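Engineer: one predicted model, sequence on top.
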Amino acid sequence: MSELLQVKNLYTRFHTEDGVVPAVNGISFNLNRGESLGIVGESGCGKSVACLSIMRLIGHPGKVEAEAMLLDGVELQSLSEKKMRSIRGNDMAFIFQEPMTSLNPVYTIGFQLQEAIRLHQGLDKKQSQDKSIEMLKLVGIPRAEKVFHEYPHSLSGGMRQRAMIAMALSCEPKILFADEPTTALDVTIQAQILELMRDLKERINTSIIFISHDLGVISEMVERVIVMYCGSIIEDTDISSLVKDPKHPYTIGLINSKPQINVDLEKLDSIPGAVPNPLNMPGGCPYHPRCNKVMDICKEKFPEKQTISDGHHVSCWLFSKQGREIKS
Amino acid sequence: MNESILQLENVKKYFPIRGGVFSRIIGQVKAVDDVSFKIKKGETLGLVGESGCGKSTLGRTILKLLDPSGGRVYYKGNNIFETDKNELRLLRRELQIIFQDPFSSLNPRLNVGEIIGESLEIHGIATGKEKQERVEYMLDVCGLAPHHHRRYPHEFSGGQRQRVGIARALTLNPDFVVADEPISSLDVSIQAQIVNLMEDLQDKFGLTYLFISHDLSMVRHISDNVAVMYLGKVVEICEKKELYQNPLHPYTQALLSAVPVLDPDSKLERIILSGDVPSPADPPPGCNFNPRCRYAEKRCRQEEPELREINSGHFVSCHLVQEG
């Protein structure tokens, strides 16, 4: 598998009146062709901002800096705004969380679908209309010819999300960012959409970056996972070792604080405290005030990435040489 | 422990649809239609269903926060729906509610001490120093610091605000609490804190909960009995274990199978429902679920099924489920 996207030391900071908010704090990851990668974390951990930064969709007062952001070997940061526009929607597409607010209410579904197709593929009106209807059929929208002329308000939440997916996939992007695509939907509709996305991924061979706070959803959709906390990647591994053998105390806490539908528990393991204020981050490891295995060194320095096994990395002092020496 | 604290009989809540020149009533949304069940003292009844199925409306209607359109709710032998204003006010001491969104359900202009203590004054239970003590005690049992009573809601995180909401509901020492999606707006790591707190408080004060949620795994964790709602009706109700192991209604089966499982190797068969929930203003004839049901027969499209007891304590409203 070849590398499609390479991100190295990505920083996104928001320069607000109250101070600098470090939303993304030096994250690095790779995405291979045809791979699906999950990013999990709680609200405010920087998972959406990281993806928007890659798409260059962060506006004022945000500032994006990275050592490298390569798409197919091309440095995204060096591209002009015009060039970037031709990549957005064409090579990289985004599915947003809220299908209610991310579709424009004053244009028909068809118009919004055609827009991207005409812009990026240079098809004429008739051809783009045929292509749009074909896309709507592909995502399982019944009466596609009629829906083409309808406005977003006449569709249900699940149907709107299907239309969003159709729009995102219409130019056959190399990477699809799906930002909590099912969070606003009911479970039975969520199951429909996840099934659809799995099916489409096989057919179109797109790489997916799937963002969610729900590890259950992630585990059904992806092969590899990144766990983020306060703007940093704290653990990354393939999905089955994350579920069966999580290493970072935060990952363990996250897994144990959600009851499973097929397991009985006397008491839930909760993580004490709350996510720290981004304007006032604790020094050292950002998780240390909530961690049940905290050591002195955790309060001083951010832990370096440690390799547990091939493809399983953790940023936690518990697994470093220094940490082990202190413990023993 | 077997005595029921709350008994619902054919509870209905219809919202009128107005239209035309004179805003005449041209239709009705049957948000809650003919719901009957009992809640036993000290238990937690989980109420699950998808958005728009009427579960929150039901929670508010049985407390008479919304005017009911019909039916009866008996609390300790009295019909809540027939109480007058003064009686209702007395009942409010014993029946409380925790709201979904801790951001909009707390008055931003009152400090936490006032929010929690307000009801003590209204009901003439405590004032001055006594009230202060009660407020500090409630903050303490809900996992906040007593000195927090001076702070305003915006100074707290979502989880802490929900603790304030819980303290407010429990300050009058109620018997029965409706928890209307108390955790759905919180982060995963905070949800577990709030659920653990609610369980501790239930043991401590002997509370009875109606726990409304769409999170099926959390409901399984906290409930003793579970009721499943679809389009304003309860389609299945029974003991928790029975429901999750032996769901009988086709909707419950699909709902449970749709929950994502944290196990990449899991090979559970998933039932994918086609289509969306129909509009409650225009429900399909016969069984509400028939257009999406994979077993639907002719009878399902004509006759409305009734809630029948299939096994002991296991009620299902489906024509196709056989007794025994």
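Structural biologist: Structure received. Just so it is clear, the model here is predicted, and its values are computed rather than measured.
Engineer: other residues contacting the helix or strand A:Lys83 falls within?
Structural biologist: A:Lys83 belongs to helix A:81-87 when assigned by DSSP states H and E. Contacting residues not belonging to helix A:81-87 are listed as A:56, A:71, A:76, A:79, A:120 [Cβ atoms under 8 Å, 6 or more residues apart in numbering or on different chains]. From N, CA and C alone the C-beta is placed, and that goes for glycine too.
Engineer: the stretch 51-200 of chain B: strands as residue ranges?
Structural biologist: Along the stretch 51-200 of chain B, counting by DSSP state E, counting those that start in this stretch, strands occupy B:70-75, B:78-79, B:95-98, B:176-180.
Engineer: picking that back up, could you identify the helix or strand that succeeds the helix holding A:Lys83?
Structural biologist: Counting by DSSP H and E, the next helix or strand C-terminal to helix A:81-87 is strand A:92-95.
Engineer: output that following strand as PDB - backbone C-alpha positions only.
Structural biologist: Output of strand A:92-95 as PDB, limited to C-alpha atoms (Å, rounded to 0.1, in the frame of the first residue of the first chain):
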ATOM      1  CA  MET A  92     -10.500  15.600  -1.000                       C
ATOM      2  CA  ALA A  93     -14.200  15.800   0.100                       C
ATOM      3  CA  PHE A  94     -15.900  16.400   3.400                       C
ATOM      4  CA  ILE A  95     -19.100  15.000   4.900                       C
END
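Engineer: and that strand, how far out from the chain's middle?
Structural biologist: How far strand A:92-95 lies from its chain's middle: 10 Å, per Cα atoms, centre = their mean, to the nearest Å.
Engineer: which secondary structure elements does it contact?
Structural biologist: Under the contact criterion of 3 or more Cβ pairs under 8 Å, 6 or more residues apart in numbering or on different chains; DSSP states H and E, strand A:92-95 touches helix A:47-54, helix A:157-169, strand A:175-179.
Engineer: how about the strands of the stretch 51-200 of chain B in JSON lines, adding distance to chain A, mean pLDDT and mean neighbour count?
Structural biologist: Listed next are these as JSON lines, based on distance: least, Cβ to the nearest Cβ, whole Å; pLDDT from 0 to 100; neighbours: other Cβ atoms under 10 Å in any protein chain shown:
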{"stretch": "strand B:70-75", "distance to chain A": "27", "mean pLDDT": "94", "mean neighbour count": "18"}
{"stretch": "strand B:78-79", "distance to chain A": "34", "mean pLDDT": "90", "mean neighbour count": "12"}
{"stretch": "strand B:95-98", "distance to chain A": "18", "mean pLDDT": "95", "mean neighbour count": "24"}
{"stretch": "strand B:176-180", "distance to chain A": "16", "mean pLDDT": "95", "mean neighbour count": "25"}
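Engineer: which among those strands is found nearest to B:Val21?
Structural biologist: strand B:70-75 (29.1 Å; Cβ to Cβ).
Engineer: which element is A:Phe14 on?
Structural biologist: Going by DSSP H and E, A:Phe14 is in strand A:3-16.
Engineer: ok, back up a step: CA atoms only for the helix holding A:Lys83, dumped as CSV, please.
Structural biologist: Provided in CSV are the C-alpha atoms of helix A:81-87 (Å, rounded to 0.1, in the frame of the first residue of the first chain):
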residue,chain,number,x,y,z
GLU,A,81,-5.7,29.3,-3.3
LYS,A,82,-6.9,28.6,-6.8
LYS,A,83,-5.1,25.3,-7.0
MET,A,84,-6.4,24.4,-3.6
ARG,A,85,-9.9,25.1,-4.7
SER,A,86,-9.5,22.5,-7.5
ILE,A,87,-8.4,19.9,-5.0
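Engineer: can you count the residues close to the closest residue to A:Gly19 other than its chain neighbours?
Structural biologist: Leaving aside its sequence neighbours, A:Gly19 sits nearest to A:Leu279 (Cβ to Cβ, 6 or more residues apart in numbering or on different chains; 5.0 Å). Using other Cβ atoms under 10 Å in any protein chain shown, A:Leu279 is surrounded by 12 other residues.
Engineer: quick one, what contacts A:Leu279?
Structural biologist: A:16, A:18-19, A:21.
Engineer: is there a quick PyMOL command that grabs whichever of the residues you listed are buried?
Structural biologist: Applying 16 or more other Cβ atoms under 10 Å in any protein chain shown to those, the buried members can be selected in PyMOL as follows:
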select buried, chain A and resi 21
